[in-house]
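Chemist: Model the following, please.
(2 chains)
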Amino acid sequence: MMHLMKKYQSVPLLHRKMKYLFNKSYRGMSIVELITGMSVVGVIVSSMAAIIATSVTTLKTVDIRKDLVMNGYYASSKFVREFREIDQQTDVLVADSTTVRFIVADTLTVEYKLTNSRLTRLIVGNLNSSVMTAHVDVSKSYFNYWDNTQTVLTGVFLPSAVWRARITLTMTDYDTDVVFAADVFPEDFK
Amino acid sequence: MTLIEVTLGILFLGIAFVGTLYAVRAIEEESNVMVALIEGTAFGNSIMEVVRSHNYDENASSPWSNPLGPESGESATTYDDVDDYYGGYTWTYPEYPAFTAKTRIFYVDPDVSIFDSVGTVQNYKRIIVHIFNDAFDEKISISAIITP
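Modeler: Coordinates of the predicted model:
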């Protein structure tokens, strides 16, 4: 035993390490194994990345759509609530496809207008309009009107003929479109 | 690494990945349902406004018509009173292509029940709008009671 130990210690340390590294069992991976491994990992990662990217895009689209719907709902609800408060048909002062002006409950004259990618609300007499919602595709958004026989009013007509109104908002953001429509009828017209 | 270790690694990665995808899908579905509920509510409110913008009845004064429903020769474009939409009239709006709605109108007697039809002529009509969409399992309903 002592004889063997002496023989082992007589081998220099560096030599022992070199022997360990070049031992066949600890030689590491061959280039073929490395390339195969990297290819497999590459395929897995790229397929995962594609699916994750699709998921992220979908989530982003859903989020944008949600925002557009919420904004459209808020803006159209505000219009509906105010238009419903009109007391009589003669209180509808202007009614065309982009603008509607009316007197709310005999107290306030307001104007809703589709302009510059926005739906705006102006209290007549004030200097500035408030923006009810942005991201509006004005070319595809409009106001419609019906008379008391439920006939659509087209062409030139008297604003006082309006019995019911509808706002249609086409909202767009990052290639996502949402169409929002709301009808309103002032109960006091009856 | 051994082949077993690599296989196990890929397996765990796959499980984690599927879990993540399910989570993303759940978020997406939840958002879609929320959006559908808002759109459906707006759609239902619009229908309610359209129905309410009609006369209470075909007759200008009591006695009101019975049975309810459109008069002969009337079509959807010529409906002139609320109960013309009485029996499951189907509504579609091009603005809401994923939605359909049905309306029911019937007489109610508030002294008996504001919810159930009494079948006899009353000064109260209940309007119910049912809104359907694949995003939600159950229909959503909006209702109102109108008087002459």
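
Chemist: Tell me which residues touch A:Asp173, please.
Modeler: For A:Asp173, the contacting residues are A:Ile64, A:Asp67, A:Leu68, A:His135, by C-beta atoms under 8 Å, 6 or more residues apart in numbering or on different chains. Placement of C-beta: from N, CA and C, glycine included.

Chemist: Return the residues of chain A in contact with chain B.
Modeler: A:37, A:44, A:48, A:51-52, A:55, A:58-59, A:62-63, A:65-66, A:69-70, A:73, A:76, A:80, A:146, A:149-150, A:163-164, A:166, A:168, A:179-185, A:187, A:189-190 (C-beta under 8 Å from any C-beta of the partner chain).

Chemist: From the residues you listed, keep the buried residues only.
Modeler: A:55, A:62, A:65-66, A:69, A:73, A:76, A:80, A:146, A:150, A:163-164, A:166, A:168, A:179-185, A:189 (16 or more other C-beta atoms under 10 Å in any protein chain shown).

Chemist: The host helix or strand of B:Glu29 close to chain A?
Modeler: Using DSSP states H and E, B:Glu29 falls within helix B:3-52. Yes - under the criterion of C-beta under 8 Å from any C-beta, chain A is reached by helix B:3-52 at B:6, B:10, B:13, B:17, B:20-21, B:24-25, B:27-28, B:31-32, B:34-35, B:38-39, B:41-43, B:45-47, B:49-50, B:52.

Chemist: What's the ChimeraX line that selects buried ones from these?
Modeler: The ChimeraX selection below is limited to those of these classed as buried (16+ other C-beta under 10 Å):
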select /B:24,28,31,32,34,35,38,39,42,43,45,46,47,49,50,52
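
Chemist: Please report the confidence value the model assigns to B:Val118.
Modeler: Predicted confidence (pLDDT) for B:Val118: 81.

Chemist: Could you double-check that it sits in contact with B:Tyr107?
Modeler: Yes - the pair B:Val118 / B:Tyr107 is scored as a contact, 5.7 Å apart, by C-beta atoms under 8 Å.

Chemist: Nearest the geometric middle of chain A, what residue?
Modeler: A:Ile64 (1.0 Å; C-alpha atoms, centre = their mean).

Chemist: I figured it was touching A:Tyr174, is that so?
Modeler: Yes - under the criterion of C-beta under 8 Å, A:Ile64 makes contact with A:Tyr174 at 5.4 Å.

Chemist: what's near enough to touch B:Thr2?
Modeler: By C-beta under 8 Å, 6+ apart, no residues touch B:Thr2.

Chemist: Relative to A:Phe189, how far out is the spatially most central residue of chain B?
Modeler: What sits nearest the mean C-alpha location of chain B, by C-alpha atoms, centre = their mean, is B:Ile131, with 1.2 Å. For B:Ile131, the distance to A:Phe189 equals 25 Å [C-beta to C-beta, to the nearest Å].
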